[in-house]
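Asker: Sequence first, then the predicted structure, then my questions.
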2 protein chains.
Amino acid sequence: MFADHISQMPQECGNCPIRHTAVCARCNPDELEQLDRIKYNRSFQAGQTVIWSGDRMDFVGSVVSGIATLTQTMEDGRTQMVGLLLPSDFVGRPGRNEAAYNVIATSDLVMCCFRKRPFEQIIRDTPRISQRLLEMTLDELDAAREWMLVLGRKTAREKIASLLAIIARRSALADRAGPDGRTVFDLPLTREAMADYLGLTLETVSRQISALKRDGVISLHGKRHVTVPDFARLLNEAGDDVQTLMIQ
Amino acid sequence: MFADHISQMPQECGNCPIRHTAVCARCNPDELEQLDRIKYNRSFQAGQTVIWSGDRMDFVGSVVSGIATLTQTMEDGRTQMVGLLLPSDFVGRPGRNEAAYNVIATSDLVMCCFRKRPFEQIIRDTPRISQRLLEMTLDELDAAREWMLVLGRKTAREKIASLLAIIARRSALADRAGPDGRTVFDLPLTREAMADYLGLTLETVSRQISALKRDGVISLHGKRHVTVPDFARLLNEAGDDVQTLMIQ
DNA sequence: CGCAGAATTGATACATCTCAAGCTGGGTGG
DNA sequence: CCACCCAGCTTGAGATGTATCAATTCTGCG
């Protein structure tokens, strides 16, 4: 097969694309230097598994570029995605030795990894890092709770609309071009991955995307490139309170 | 109606039931003294709302005794529970001014509240507190992700079995009496609250509890007192990997 | 060109919801 | 002290949304 992973020389933090958004966002030069000493880059190809649930994990790290998913699996194969990792998102848990979830590269992926033991020591000594990690973890918890509402109470159509809205908002590619407020972005997930995100089957995902297209809520160019002519309408289809959400 | 809330004199931290499990768990006497200066107790009656989503929130705090729920609501009234708060659980988010969820007392409830501004200053200055908060937040995130698997991929019967197992494990009342390994505990939730936890209707909850009873997985004494003759069987009904989970 | 993975579409099955009717047990007031 | 009340719960019958099983149809790529 392919090389299990492809090590790369550490990059300069100075021109790192996630320098001001990742766990190191608020580090001063001295703290950055400390992290630099224990870091290394790893690259993965689309489809590769970064780590299996239950495996020993001797690093934590940040997604530098690309997309990965966090999934849980039941014995009979039912799969639920529990995290969607975009650049600057943090992977792994300080103080835990084994991975709790499968981490899979959905696209080609670059990660900035820190050796776990020294990283644990650094967060003990460096409040600016542990507080940034707390902030990021609280954000993830909020996102997880929003996701729980989607999983527990929304219809298939609302789920798809919610996912599209979430991806549009998180995706750096998304921008409202022109005064008409169209939103354009690429879907980073297959239909099956979307199904695992939303607790649906891939057939239901496909049908609901077709329905949203038929109803003019979205239009597709290819399978992955999405245009949303009216973002408020999409939020409305998601069952969200449009007033509250458009403000941000 | 009732008094909106009933203030009480702060209790001594020394004999506080959550002294060694809450956010203050690892404080030294000096740090405890700092927290003591900004804390106050509040009591709520069963059914009372602690705070509404969107309301200004000028405190954070810990559940001292009793049970509360965190819920999200859609405009049409659909409700999803996103947190179940037991003694020592933390409520509120440092750095946020408005509540993101409804917090409702399910039983009579006592909270140890900290004024938000000074608390935010203290966690900036006191690594032992912010690191304990990070640890608790990571635990909550893990619980939320487990819950997402339940919501997204489990059947109604598995959902009920999962909830019973979760409550049994978290409940202080639960104990394996005798060598036969029976587990006994009280349900702290109505059928409707269980439905909101699991993304079901209360009728489905009722039917599935009846089915588990009929099949001998559980027995009920009254509506709330549960006996589990064989905990491994309950975990099996929950769709969980029994090998992994019984070890803890 | 033709293959393989990804996606779409159709027909049917079934789990859960919805609507509706009773039941139960603990508290209250006559 | 008993009857009644009512929130919480159970059970039933039928409706419905999503899953399942099964063909096709795309699409990108060697």
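Answerer: Ah, there it is. Numbering: from 1, shown residues only, chains lettered A, B, ... in the order given.
Asker: does A:D230 really touch A:D215, like I thought?
Answerer: No. Contact criterion CB atoms under 8 Å: A:D230 and A:D215 do not qualify, at 11.5 Å. All C-beta spots, glycine's among them, are computed from the backbone N, C-alpha and C.
Asker: ok, the two, which is more surrounded?
Answerer: A:D230 (15 against 11; other CB atoms under 10 Å in any protein chain shown).
Asker: Contacts only, for the more buried one.
Answerer: Contacts were defined as CB atoms under 8 Å, 6 or more residues apart in numbering or on different chains; by that measure A:D230 touches A:G181, A:V217.
Asker: and with 10 Å instead?
Answerer: The contact partners of A:D230, by CB atoms under 10 Å, 6 or more residues apart in numbering or on different chains, come to A:D180, A:G181, A:R182, A:T183, A:G216, A:V217, A:I218, A:N236.
Asker: Low-confidence ranges, chain A, go.
Answerer: Low-confidence segments of chain A (pLDDT under 70): A:1-10, A:172-180, A:243-248.
Asker: how does it look with 50?
Answerer: By pLDDT under 50, the weakly predicted segments of chain A are A:1-7.
Asker: Residue numbers of it in contact with DNA strand D?
Answerer: Within chain A, the positions lying close to DNA strand D (CB under 7 Å from any atom of the strand) are A:T155, A:A156, A:R157, A:G199, A:L200, A:T201, A:E203, A:T204, A:G222, A:K223.
Asker: mind redoing it with 6 Å?
Answerer: Residues of chain A found near DNA strand D (CB under 6 Å from any atom of the strand) are A:T155, A:A156, A:L200, A:T201, A:E203, A:T204, A:G222, A:K223.
Asker: Looking at these, which two lie furthest apart in space?
Answerer: Using CB to CB, those span at most 26.5 Å, a distance reached by A:T155 and A:G222.
Asker: And these two? Which one has more around it.
Answerer: A:T155 (12 against 8).
Asker: so who does the closest residue to that one other than its chain neighbours touch?
Answerer: Excluding its sequence neighbours, the residue lying closest to A:T155 (CB to CB, 6 or more residues apart in numbering or on different chains) is A:G239, at 7.8 Å. Counting by CB under 10 Å, 6+ apart, A:G239 touches A:149-150, A:153-155, A:157-159, A:161-162, B:74-76, B:78.
Asker: Please repeat the previous calculation with a cut-off of 8 Å.
Answerer: By CB under 8 Å, 6+ apart, the contact set of A:G239 is A:K154, A:T155, A:E158, A:A161, A:S162, B:M74, B:E75, B:D76.
Asker: same thing with A:S206?
Answerer: Residues near A:S206 by CB under 8 Å, 6+ apart: A:R191.
Asker: and it, how far is that from A:R191?
Answerer: Look at A:S206 and A:R191: by CB to CB, to the nearest Å, they are 5 Å apart.
Asker: Need the single longest helix in chain A, by residues.
Answerer: helix A:127-153 (DSSP state H).
Asker: what element comes up after that one heading to the C-terminus?
Answerer: helix A:156-170 (DSSP states H and E).
Asker: between that next one and helix B:127-153, how big is the angle?
Answerer: Relative orientation of helix A:156-170 versus helix B:127-153 (axes from the mean of the first three to the mean of the last three CA atoms, to 10 degrees): 140 degrees.
Asker: Same list, the contacts of A:G239, but only the ones touching DNA strand C.
Answerer: Answer for those near DNA strand C: none qualify (CB under 6 Å from any atom of the strand).
Asker: Neighbour-wise, which one of those residues leads?
Answerer: Counting neighbours by other CB under 10 Å, the top entry in these is A:A161, with 27 neighbours.
Asker: gap between the residue nearest to A:G83 when sequence neighbours are not counted and A:E140?
Answerer: Closest residue to A:G83 apart from its sequence neighbours, by CB to CB, 6+ apart: A:L70 at 3.2 Å. Separation of A:L70 from A:E140 (CB to CB): 10 Å.
Asker: all strands of chain A, in order?
Answerer: With DSSP state E as the criterion, chain A has strands at A:6-8, A:39-44, A:49-51, A:59-65, A:68-73, A:79-85, A:90-91, A:102-105, A:109-115, A:175-177, A:182-186, A:219-221, A:225-228.
Asker: wait, isn't A:V226 in contact with A:D186?
Answerer: Yes. Between A:V226 and A:D186 a contact is recorded at 7.2 Å, counting by CB under 8 Å.
Asker: gap between the residue sitting nearest the centre point of chain A and B:Q72?
Answerer: With distances taken as CA atoms, centre = their mean, chain A has A:L85 as the residue nearest its mean C-alpha position (2.3 Å). Distance from A:L85 to B:Q72, counting by CB to CB: 24 Å.
Asker: Tell me who's in contact with the residue of chain A found nearest DNA strand D.
Answerer: Proximity of chain A to DNA strand D (CB to the nearest atom of the strand) peaks at A:T204, 3.1 Å away. Residues in contact with A:T204, defined by CB under 8 Å, 6+ apart, are A:A156, A:A195.
Asker: Okay, it and B:A161: tell me how far apart.
Answerer: From A:T204 over to B:A161 the distance is 25 Å, taken as CB to CB.
Asker: how about the nearest residue to A:L212, chain neighbours excluded?
Answerer: Sequence neighbours aside, A:I218 is the residue nearest to A:L212 in space, at 5.1 Å (criterion: CB to CB, 6+ apart).
Asker: swap in A:P127?
Answerer: B:P127 (5.5 Å).
Asker: residues in contact with the one you found?
Answerer: A:R124, A:P127, A:S130.
Asker: List the contacts of A:R233.
Answerer: A:V217.
Asker: The residue nearest to the centre of chain A reaches A:T71, doesn't it?
Answerer: No. Look at A:L85 against A:T71 with CB under 8 Å: they stay out of range, at 11.0 Å.
Asker: buried ones in stretch A:144-164?
Answerer: A:144-154, A:156-164 (16 or more other CB atoms under 10 Å in any protein chain shown).
Asker: I'd say A:R170 and A:L86 touch.
Answerer: Yes. With contact defined as CB under 8 Å, A:R170 counts as touching A:L86 (5.9 Å).
Asker: Leaving out sequence neighbours, find the closest residue to A:L198.
Answerer: Closest to A:L198 by CB to CB, 6+ apart is A:K159, at 4.3 Å.
Asker: who touches stretch A:21-34?
Answerer: Residues from elsewhere that reach stretch A:21-34, judged by CB under 8 Å, 6+ apart: A:13, A:19, A:35, A:62, A:87-88, A:90, A:112, A:122, A:126, A:128-129, A:131-133, A:136.
Asker: Tabulate the CA atom coordinates of it in CSV.
Answerer: Output of stretch A:21-34 as CSV, limited to C-alpha atoms (Å, rounded to 0.1, in the frame of the first residue of the first chain):
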residue,chain,number,x,y,z
THR,A,21,-6.1,30.3,15.2
ALA,A,22,-4.8,27.0,16.6
VAL,A,23,-3.9,26.0,20.1
CYS,A,24,-0.7,28.1,19.8
ALA,A,25,-2.6,31.2,18.8
ARG,A,26,-1.7,33.3,21.8
CYS,A,27,1.8,32.1,22.4
ASN,A,28,4.7,34.6,22.7
PRO,A,29,7.9,33.8,20.8
ASP,A,30,9.4,32.0,23.8
GLU,A,31,6.4,29.7,24.2
LEU,A,32,6.4,29.1,20.5
GLU,A,33,10.0,28.1,20.7
GLN,A,34,9.1,25.6,23.4
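Asker: chain center to that stretch, what's the gap?
Answerer: Centroid displacement of stretch A:21-34 relative to its chain, using CA atoms, centre = their mean, to the nearest Å, is 22 Å.
Asker: Stretch A:113-122 now?
Answerer: When distances are taken as CA atoms, centre = their mean, stretch A:113-122 is centred 22 Å away from the chain's centroid.
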